[in-house]
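Asks: The sequence and its predicted three-dimensional model are supplied below.
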Amino acid sequence: GGGTSTILATKQLTKNFGGLTAVDGVDFSVAEGEIRCLIGPNGAGKSTLLELITGQLAPSDGAIYFDGEDLTGLDTHKRIDTGISVKFQSPHVYENLTVEENLRVPLQRTDRDVDRVLAETLDRTALSEKAETGASELSHGEKQRLEIGMAVTLDPKLMLLDEPVAGMSVDETDDVADLIRSLHDDGMTFVVVEHDMEFVRRISERVTVLNQGEIFRQGPIEEIEADEDVRRIYLGE
Ligand code: ADP
Ligand code: MG
């Protein structure tokens, strides 16, 4: 990739839930190879925006382009095939399966070399020693890493993560930051929804602030953190 080319672009993307406009005419674009953080107060529309990008939700208006292709009419599976993966806000691991069995689930639909990908993913997520452990036995941090691992098995070009470190200890948060940075070093592009500003500072250069369904500010992390209007709406100051 060229490094500065746009991999994801939404155009006037809009989602109405009855009378409520959760995402309101959003033009959101991400360059290939970026780690973009998406922040904003509760109810700003962050999760809805991610779900529109993955096809979990159909837009009321607007379009989504990925790698130059118009995705707007494609279902979620087709979007995954084009190289988009997601870890949702609510946990999606299979509690009754082992770590390794969980990692096998997304691989069922692919022709990837399962043994190689499993070994790589277990190593990457630092879960090799837990391969045979039931998912229900994992700590919160391990579960989140497993879920990121499940998305990673598909070797996506773009990874969407919704609050990947919510409820984590400092050490668990550091592990996830290291995992994201290592995948980024291998060329993966990220959009990460997160409240933890310390974490945002560690992984991201550019930040987009969403408020009431609209892009409120966009820029380098230092600028966003220093912005009084952002502090007012986001930090409640
Ligand atoms: P965030 O992730 O930024 O906290 P969400 O995208 O979850 O915000 O929600 C944005 C707004 O849309 C909120 O007001 C929320 O209550 C509303 N909303 C989200 N999903 C639905 C839904 N399925 N039905 C109705 N309203 C929804
Ligand atoms: Mg959310």
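Replies: Perfect, thanks for sending it. All values derive from a computational prediction rather than experimental measurement. Ligands and ions are numbered 1, 2, ... in the order given.
Asks: For the longest helix seen in the chain, buried residues please.
Replies: What stands out as the longest helix in the chain, according to DSSP state H, is helix 170-185. Of all the residues in helix 170-185, those buried under the rule 16 or more other C-beta atoms under 10 Å are 172-173, 175-177, 179-180, 183-184. Quick note: C-beta positions are derived from backbone N, CA and C, even for glycine.
Asks: cool, stretch 68-78 as well?
Replies: 71-72, 74.
Asks: packing partners for the longest helix of the chain?
Replies: Using 3 or more C-beta pairs under 8 Å, 6 or more residues apart in numbering; DSSP states H and E, the elements in contact with helix 170-185 are strand 35-39, helix 114-124, helix 140-152, strand 189-193, helix 197-203.
Asks: Mind checking the ones you listed for the one nearest to ligand 1?
Replies: strand 189-193 (6.7 Å; C-beta to the nearest ligand atom).
Asks: Output the longest strand belonging to this protein.
Replies: When the chain is parsed with DSSP state E, its longest strand is strand 6-17.
Asks: is the helix or strand following it up against ligand 1 anywhere?
Replies: Sequence order places strand 20-26 as the next helix or strand after strand 6-17, per DSSP states H and E. Yes: Strand 20-26 lies within reach of ligand 1 by C-beta under 6 Å from any ligand atom, at 20, 22.
Asks: Okay, buried residues for the helix or strand just after strand 20-26 please.
Replies: Downstream of strand 20-26, the first helix or strand assigned by DSSP H and E is strand 29-31. For strand 29-31, burial by neighbour count (16+ other C-beta under 10 Å) applies to 30-31.
Asks: and N211, how far is that from G19?
Replies: 19 Å (C-beta to C-beta, to the nearest Å).
Asks: tell me the contacts of the closest residue in space to T21 that isn't next to it in sequence?
Replies: Closest residue to T21 apart from its sequence neighbours, by C-beta to C-beta, 6 or more residues apart in numbering: G213 at 5.3 Å. When contacts are counted by C-beta atoms under 8 Å, 6 or more residues apart in numbering, G213 is found next to 15, 21-24, 26, 44-45, 48.
Asks: residues near the residue lying closest to S128 once chain neighbours are set aside, how many?
Replies: Excluding the flanking residues, the one nearest S128 by C-beta to C-beta, 6+ apart is L122, at 4.4 Å. Applying other C-beta atoms under 10 Å, we find 19 residues neighbouring L122.
Asks: just E129 next, same as before
Replies: Neighbour count for E129, taken as other C-beta under 10 Å: 9.
Asks: Backbone dihedrals for it, both of them.
Replies: phi -70, psi -10 (degrees, to the nearest 10).
Asks: Most neighbours among the contacts of G213, which one is it?
Replies: Ranked by neighbour count (other C-beta under 10 Å), the contacts of G213 have V23 at the top, with 28 neighbours.
Asks: So what does G134 have for phi and psi?
Replies: Residue torsions, per degrees, to the nearest 10, at G134 are phi -70, psi 140.
Asks: Would you tell me what helix or strand I80 is located in?
Replies: Short version, using DSSP H and E: I80 is in helix 76-82.
Asks: Good, we can wrap up now.
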